[in-house]
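Novice: pasting the sequence and the predicted coordinates here, then a few questions.
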Amino acid sequence: MTLSSTFDNTVPSQVKLSRKASLCPVRIIALEDVRRSPEMIGVHDRRPIYAPQDGAAWLKSIVQALSTRGIAVSFDTQADTAVGATAKIDLATAWITNTKVNISANAVFRMHVTNPDKTSFERSYRGGNSRMTYWSNGRPVLQQAIDTAFARALDAMAVDLLATCQSEEISPA
Amino acid sequence: MLVAQSEIKSDINLSNVAVATGGGILGGLIGAAVDSARAKKAEVLIAPVRTAMANVDGDALAIEAAKASFAGAQWYTTAPETNFSKDNSPAGKSAYLDASSNAQTAFVEYSYDLSPEFDALRIIAKIEIAAKNNAPGQTKPEKRLSPKNLVYSSSVASVITLPEASKDKDVNAARWAADDAKLVRAALSQSFARLQSLVPRTLALTDGEGEALTRDKKNKRIFAGGFFGRPQPAPDGTTLLWTGGGFVEVAPLQ
């Protein structure tokens, strides 16, 4: 199978936002899939799982989902970029594998953030999802698993990005 | 060269609830639920290990081990190209055979994981040689990869045990992850190095020699490191098994 061409951002975010909080502007100045075989997302039941053909658009759609986690995401090419922190993001891992009856999806982003005050930090953000393959309904279970893994990684990234604005207004779930 | 994983894998011992309850549907459902819960727990436990070894390039270690393992095999002549892929599916391998100009292709697949009790690191090298042309009467391209049509097949494993492992997998998992996964890094290096000896040794066996080891019924099969096999002479502290398909070495972390 091939994953859908854009990230399905329907997995509920676990980032708790204050109602009064405004969106935190973050400019993504680099976004890259640094995996050794970016065309592959895993092998399940002896069948290959492929990444979408347009890997750049797919990756952008994933990171764009930070916008539902309190972040006003803009990309370098956008002229109306808001002032705020900048981030360089690498997709280091995105893989689906079998663990006996379960399928397990894992996603890891490496993010280098430069704060408005020019201080910076770099961290890895992991998301995972392990679920049974039986009784799946609705979206394909493999798609759900990897999208959930991405959602959890985005949650972790959002917490750190929100801290670049107003850390007192957010808290992890 | 195939490494169909991006990080170290977890594993579980399958529940025997289904067997214990007579093999009915209810037992099967309960067993599947138990196995699913175990798999989820294993994924949680292994996450810190994966994070701690984020800068370990398992693919590169496997590529290096494969090159070294095959360099000494007399019957094997490396083609000008040695390709790397993460697609170990029959369809992927079949597509490679179609694209290759060689009469035969060796697929060397490495997989590495932590044991269900987190008391050992295991690397398995699966070697398959497949012909480009279908066997007479075969029409499905992927049948070239079915076991009976392979030109050659073996599986070699190196198991590195955690010193003074606990019966508590949480404790073992924490030890593997500690100090930037120092113990995992050491175990991976040791295990890949051992495979560089074990793979050529397996490749050098003739069919008759392998068959003799398999049929040596006076040499009772034993269980070690998660594998059954007939014990072979090995240095103190190390167990070497012949499984019928290749060697498995179980050794403590140095």
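Specialist: Arrived safely, thanks for sending.
Novice: for chain A, what spans make up the strands?
Specialist: With strands called from DSSP state E, chain A shows them at A:15-17, A:24-33, A:40-44, A:47-50, A:71-75, A:85-99, A:102-114, A:120-132, A:170-172.
Novice: give the rounded mean pLDDT of the longest one.
Specialist: Just to be clear, that refers to strand A:85-99. The average of the pLDDT scores along strand A:85-99 is 93.
Novice: again with the fifth one
Specialist: Predicted confidence along strand A:71-75 averages 93 (mean pLDDT).
Novice: list the contacts of it.
Specialist: If you take CB atoms under 8 Å, 6 or more residues apart in numbering or on different chains as the criterion, strand A:71-75 is touched by A:23-28, A:31, A:60, A:63-64, A:66-67, A:80-82, A:84, A:158, A:161-162. No exception for glycine: its C-beta is placed from N, CA and C like everyone else's.
Novice: quick one on the thing from earlier: in CSV: the strands of chain A, plus mean neighbour count and distance to B:Ser154.
Specialist: As requested, those are exported to CSV (neighbours: other CB atoms under 10 Å in any protein chain shown; distance: least, CB to CB, whole Å):
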stretch, mean neighbour count, distance to B:Ser154
strand A:15-17, 17, 50
strand A:24-33, 19, 35
strand A:40-44, 23, 21
strand A:47-50, 18, 24
strand A:71-75, 20, 50
strand A:85-99, 22, 23
strand A:102-114, 23, 28
strand A:120-132, 18, 31
strand A:170-172, 15, 49
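Novice: around chain A, pick out the residues from chain B.
Specialist: B:4-7, B:9-12, B:14, B:32, B:35-36, B:38-40, B:42-43, B:47, B:50-51, B:54, B:59, B:84-92 (CB under 8 Å from any CB of the partner chain).
Novice: buried ones among those?
Specialist: Buried members of the residues of chain B next to chain A, scored by 16 or more other CB atoms under 10 Å in any protein chain shown, are B:4-7, B:9-12, B:14, B:32, B:35-36, B:38-40, B:42-43, B:47, B:50-51, B:59, B:85-90, B:92.
Novice: residue contacts, B:Gln138?
Specialist: With contact set as CB under 8 Å, 6+ apart, B:Gln138 has these partners: B:Arg144, B:Asn149.
Novice: helix/strand/coil for it?
Specialist: For B:Gln138, the assignment made with DSSP: H, G, I helix; E, B strand; the rest coil gives coil.
Novice: which stretches in the stretch 51-200 of chain B count as strands?
Specialist: Applying DSSP state E, counting those that start in this stretch to the stretch 51-200 of chain B gives strands spanning B:104-114, B:120-131, B:152-161.
Novice: could you give the angle of the first one to strand A:85-99?
Specialist: It stands for strand B:104-114. Taking axes from the mean of the first three to the mean of the last three CA atoms, to 10 degrees, one finds strand B:104-114 and strand A:85-99 inclined to each other by 100 degrees.
Novice: average model confidence for strand B:104-114?
Specialist: Across strand B:104-114, the average pLDDT comes to 94.
Novice: what is that strand packed up against?
Specialist: Judged by 3 or more CB pairs under 8 Å, 6 or more residues apart in numbering or on different chains; DSSP states H and E, the packing partners of strand B:104-114 are helix B:58-71, helix B:90-99, strand B:120-131, helix B:169-204.
Novice: give me the below-cutoff pLDDT ranges for the chain.
Specialist: Going with chain A. Residues of chain A meeting the criterion pLDDT under 70: A:77-82, A:134-139, A:166-173.
Novice: not quite, I wanted chain B
Specialist: The model of chain B has pLDDT under 70 over residues B:72-81.
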